[in-house]
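Engineer: What follows is a predicted protein model with its sequence.
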There are 2 protein chains.
Amino acid sequence: MFIFLIFTIILPQKSFTSLLPTRYPTLIEVQGRPTPLEYDTLRKNFFLEQKNRYLGADLTLSPQEERVNDIIMRLKRQELTYGFSNPGNFSGAVHIFQSFERIDNSSLFKILRKMPKGGVLHAHDTALLSTAKVIEFTYRENLWILGDLDENSDKLPKFLFALSKPQAENGLEWQSVADLRLAKGSEVFDKELHDILSLYSSDSSIENRDINYVWRRFKSIFSVLGGIVCYDEVWKAYFYQALQEFLDDGVQYLEFRGLLPAVYAINGTIYSPEQVVELYVEVLEKFKREHPTFINSKFIFAPPRAATDEQFDKDLGILNELRLKFGNFVVGFDLVGQEDAGRPLKDFAHKLLRLPQDIKFFFHAGETNWNGMATDENLVDAILIGTKRIGHGFAITKNPKILEAIKTENICIEVNPVSNQVLKLVDDFRNHPAALLFADNYPVVISSDDPSFWRTTPLSHDFYIAFIGISSAHSDLRFLEKLVKNSIEYSSLSANERQNAESKWRAEWEKWLKWVIDNYET
Amino acid sequence: MFIFLIFTIILPQKSFTSLLPTRYPTLIEVQGRPTPLEYDTLRKNFFLEQKNRYLGADLTLSPQEERVNDIIMRLKRQELTYGFSNPGNFSGAVHIFQSFERIDNSSLFKILRKMPKGGVLHAHDTALLSTAKVIEFTYRENLWILGDLDENSDKLPKFLFALSKPQAENGLEWQSVADLRLAKGSEVFDKELHDILSLYSSDSSIENRDINYVWRRFKSIFSVLGGIVCYDEVWKAYFYQALQEFLDDGVQYLEFRGLLPAVYAINGTIYSPEQVVELYVEVLEKFKREHPTFINSKFIFAPPRAATDEQFDKDLGILNELRLKFGNFVVGFDLVGQEDAGRPLKDFAHKLLRLPQDIKFFFHAGETNWNGMATDENLVDAILIGTKRIGHGFAITKNPKILEAIKTENICIEVNPVSNQVLKLVDDFRNHPAALLFADNYPVVISSDDPSFWRTTPLSHDFYIAFIGISSAHSDLRFLEKLVKNSIEYSSLSANERQNAESKWRAEWEKWLKWVIDNYET
């Protein structure tokens, strides 16, 4: 006997209801098979109820938003219809490095680029700014290089700004970058440097290499960059220009993670972590003065997870000092580095739990394909230690108890689609686990992680991929708007600051709606 | 304030509770962060509760099974530890075509090969038998070939058994296979034929081709095979030898889908669908007489989903006749072919709903990467029309309502890991959506779909991949045993037949336990 059951049970609004599926539709009981007529009704209801659980289903579009939605959904349908027949040329299915040209020509992408997207809540200090801009810094005077520029070489080059030639290392002489550029020709030099500073390089085999290879290349970028961007003058310019690029891409708020590395002055003086934060604050204040539409930026201190106990204790000491001095800018703590290769959270749990309650946690966790190993089990520790958000959480959909806890605790998942592909967790975006999170209105935001390293825009590419490659074909402007709102709601902005943020975003949003209608309504 | 909540709410045993998460652990309320001691307890409980939801967690191992479990888990940990450091050489992460040699050398695989695995519930009529055996059939006399043997050619060869040379087609002459083999040399001929009949061919680029290309090649195998295996004498031998290969691989029951194609006699007479079923039954009875450990085989009539309305009506007519005449062998109905390219279930829904209640459905549904398109929405229709099982259901984890319905209705998902990879739905097995189904004890079975076409064993490779590539590192012998039990529970065997099946399986299982202990206990 076939019984099909759907339910209307409205449970009292106790806190535990959040563990349960979010909606209980109308009870219908059909004995045996449904009749064709019953089937038609059941079918309609099923899809309706499904859509009512989507991320953004709780939002109502204004008449103007409805018009923009019609435009966006027409373009989305066009791209999906094309992709359905040509999956090998569908940007939601293939490697992003194969799609740049196609994406640049997409009207939908152009609209998303202009869209005010709220905040980026997951990005890393020295992976914010486009490689082109970083290369511009190497045109500054007093820059030296040690080693060669071959991206496949084991010996990566080191850079240093200094008034005179630094001392040779292991018999190797430093050369002036200006001289070497002249000798090689600036086009060749810049191309070689670009290949070292980006995973989107001349070595196209990278799309098919394994995760450990890609992570090695990825980490090498940070290390080569160090000497360039840690020079105090560049450090400040880097942050300022990064904020500019983010704002230009429709990002009005940036909550980023950083190591607070050894920034240095031209005379070799090293800045303390506290002084590095002071540089950030100084630049940020200037940027805000000069860009009234920008909301703010905040900072999460995130030293490497591959730390010894001594290093970790030192990091906690730094954290404590920063919190007292920069409580409104330094908002919390995380650990960074390849999870599979670093130490699991549980190693640090007891110490973390003894920290003052006002220190918030924003842990990377579950950035892995493994299941039942130390790395995906970081998700459990992140939850138990009391993380406010989770970075990546790629492994989250492998365990129902974790999914339930995320909902109960209202922990936001920072989803970074392009990063997950480039760093080899997922091949076809349509297999990204966020599809389930989107379908059931989990607390999520879209972010970009290290856009500098894979030639993407600060946020637009990730939004575009999430929209056409991961969300349901039925997900519409409400989905996008909800992602924006989540990026403010789950940020570390205070209640007051959030109000201000909302109104700054709203002003840009209204302008954007008008622009879309003016330019794309037929 | 941080509040961590876990609950003890035992809901009354109404049917709707199956929609809810299966377990509600003890209520603990922690104000603020847990203390390190509380954290340790919470952590232990969390993992315990997580493991209690795993597929197989309800089974209790006998003392002998415990010993086998220790062996298996030692080997599993070894492989995972190696894979964790060498993901590029981990069979659970890379393309199966890269892994054959490594898998053949795996002790764990050797143990799984010998394991009595119950039944295969998802496999297709002419994709059961190994290609080597199919090539043996081409050594039979009276076989003719039209066209060439190039796997990349648009013009695929046709085969036909006939007493004299068949009539030329479009000016092209048939040649004797014996003569052509002699001319080319049998090694070359057989290699070329093998390349046409298998996706594991000389064309290694297939691993990186898009889904439409692979499906084209995949469908071409069926079409080339037709002339060889549809010859009545070969047809019978094919089925007999397939049952033999399955039994040798530890599969004691086979519930397969078939088209009932035009089987022909040497004089050109064509068998009716009814007569084709008679051939199956005749061979099956012989095989059962000669193999007392074999349980049985049953058949699901599965014509192409790319049917016109007229063809579909004709298929339903055939189904009706078969059901009256072979009710204990022909157990139900399905539609086959690439879902993205064929007609959606909803096109046929009204007609299907009017069929007699005793005709069971076993629909392919959601064998796709798309989300919110006609193909993944087949899942909803399969459920509403009342399917007993779902073939593939790859898209199932993209929608919480579908996940809930699967549990409520107790619909079994037939998971085919290797098929899903070769046919381009998933790249890294660790991203297979079945991970969630395994973690929350959904009704699932592991099956092999078309093992002949990708050089895998009838079931062992899929079991191995499910175990090391998809299930949690903690999933153990109970997971494997549950998959076996599910394959009997969700089969079309009657209650009586199931009892008999269980005891035939149990006898082999006991032998296997002893064999594992004798050979692998240290």
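Structural biologist: Cool, got the structure.
Engineer: how close does residue A:519 sit to residue A:118?
Structural biologist: Relative to residue A:118, residue A:519 is positioned 22 Å away (CB to CB, to the nearest Å). For glycine as for every other residue, the C-beta is placed from the backbone atoms N, C-alpha and C.
Engineer: List the contacts of stretch A:235-248.
Structural biologist: A:120, A:126, A:128-130, A:133-134, A:137, A:229, A:254, A:263, A:276, A:279-280, A:282-284, A:286-287, A:291, A:293-294, A:297, A:458-459 (CB atoms under 8 Å, 6 or more residues apart in numbering or on different chains).
Engineer: related to what we said a few turns ago, residue A:519 and residue A:118: who's more crowded?
Structural biologist: Ranked by neighbour count (other CB atoms under 10 Å in any protein chain shown), residue A:519 and residue A:118 place residue A:118 first, with 28 against 12.
Engineer: Make sure the more buried one is actually in contact with residue A:254.
Structural biologist: No: contact criterion CB atoms under 8 Å: residue A:118 and residue A:254 do not qualify, at 10.5 Å.
Engineer: Look through the stretch 101-250 of chain A and state the residue closest to chain B.
Structural biologist: Closest to chain B within the stretch 101-250 of chain A is residue A:210: 3.2 Å, counting by CB to the nearest CB.
Engineer: Does the residue lying closest to that residue once chain neighbours are set aside belong to a helix, a strand or coil?
Structural biologist: Computed as CB to CB, 6 or more residues apart in numbering or on different chains, the closest residue to residue A:210 that is not its neighbour in sequence is residue B:88, at 3.2 Å. Secondary structure for residue B:88, judged by DSSP: H, G, I helix; E, B strand; the rest coil, is helix.
Engineer: Check the one 3 residues further on too.
Structural biologist: Assigned by three-state DSSP, the conformation of residue B:91 is coil.
Engineer: From chain A, how far off is it?
Structural biologist: Relative to chain A, residue B:91 is positioned 13 Å away (CB to the nearest CB, to the nearest Å).
Engineer: what pLDDT does that residue get?
Structural biologist: At residue B:91, the predicted lDDT confidence score is 97.
Engineer: got a list of what it touches?
Structural biologist: B:79, B:83, B:99, B:102-103, B:106, B:464-465, B:468-469.
Engineer: Derive a ChimeraX selection command for the buried subset of these.
Structural biologist: Restricted to buried positions by 16 or more other CB atoms under 10 Å in any protein chain shown, the ChimeraX selection for the contacts of residue B:91 reads:
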select /B:79,83,99,103,106,464,465,468,469
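Engineer: Can you list the low-confidence ranges for the stretch 51-200 of chain A?
Structural biologist: Across the stretch 51-200 of chain A, no stretch falls below the confidence threshold (pLDDT under 70).
Engineer: For the residue in it that chain B sits nearest to, give me its contacts.
Structural biologist: Going by CB to the nearest CB, chain B is nearest to residue A:88 of the stretch 51-200 of chain A, at 3.2 Å. Taking CB under 8 Å, 6+ apart as the criterion, residue A:88 is in contact with A:94, B:209-213.
Engineer: Weed out the non-buried ones from the contacts of stretch A:235-248.
Structural biologist: Applying 16+ other CB under 10 Å to these, the neighbour count classes A:120, A:126, A:128-130, A:133-134, A:137, A:229, A:254, A:263, A:276, A:279-280, A:283-284, A:287, A:294, A:297, A:458-459 as buried.
Engineer: Contacting chain B as well, which ones from the residues you listed?
Structural biologist: Among these, proximity to chain B is found for none (CB under 8 Å from any CB of the partner chain).
Engineer: Pull the number of nearby residues for residue A:158.
Structural biologist: Using other CB under 10 Å, residue A:158 is surrounded by 18 other residues.
Engineer: circling back: next, the contact list for the residue of the stretch 101-250 of chain A closest to chain B, please.
Structural biologist: Neighbour list for residue A:210: A:424, B:87-88 [criterion: CB under 8 Å, 6+ apart].
Engineer: before we move on, what SS does the closest residue to residue A:477 other than its chain neighbours have?
Structural biologist: Leaving aside its chain neighbours, residue A:477 sits nearest to residue A:69 (4.1 Å; criterion: CB to CB, 6+ apart). Secondary structure, three-state DSSP: residue A:69 is helix.
Engineer: who touches stretch A:498-515?
Structural biologist: Contact partners of stretch A:498-515, identified using CB under 8 Å, 6+ apart, comprise A:64-65, A:67-68, A:114-116, A:118-119, A:250, A:252-253, A:293-296, A:484, A:488-489, A:491, A:493.
Engineer: Now do the same contact list for residue A:217.
Structural biologist: Applying CB under 8 Å, 6+ apart, the residues contacting residue A:217 are A:151, A:199, A:206.
Engineer: how about JSON lines for those, with secondary structure and distance to residue A:41 added?
Structural biologist: As requested, the contacts of residue A:217 are exported to JSON lines (DSSP: H, G, I helix; E, B strand; the rest coil; distance: CB to CB, whole Å):
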{"residue": "A:151", "secondary structure": "coil", "distance to residue A:41": "60"}
{"residue": "A:199", "secondary structure": "coil", "distance to residue A:41": "51"}
{"residue": "A:206", "secondary structure": "helix", "distance to residue A:41": "52"}
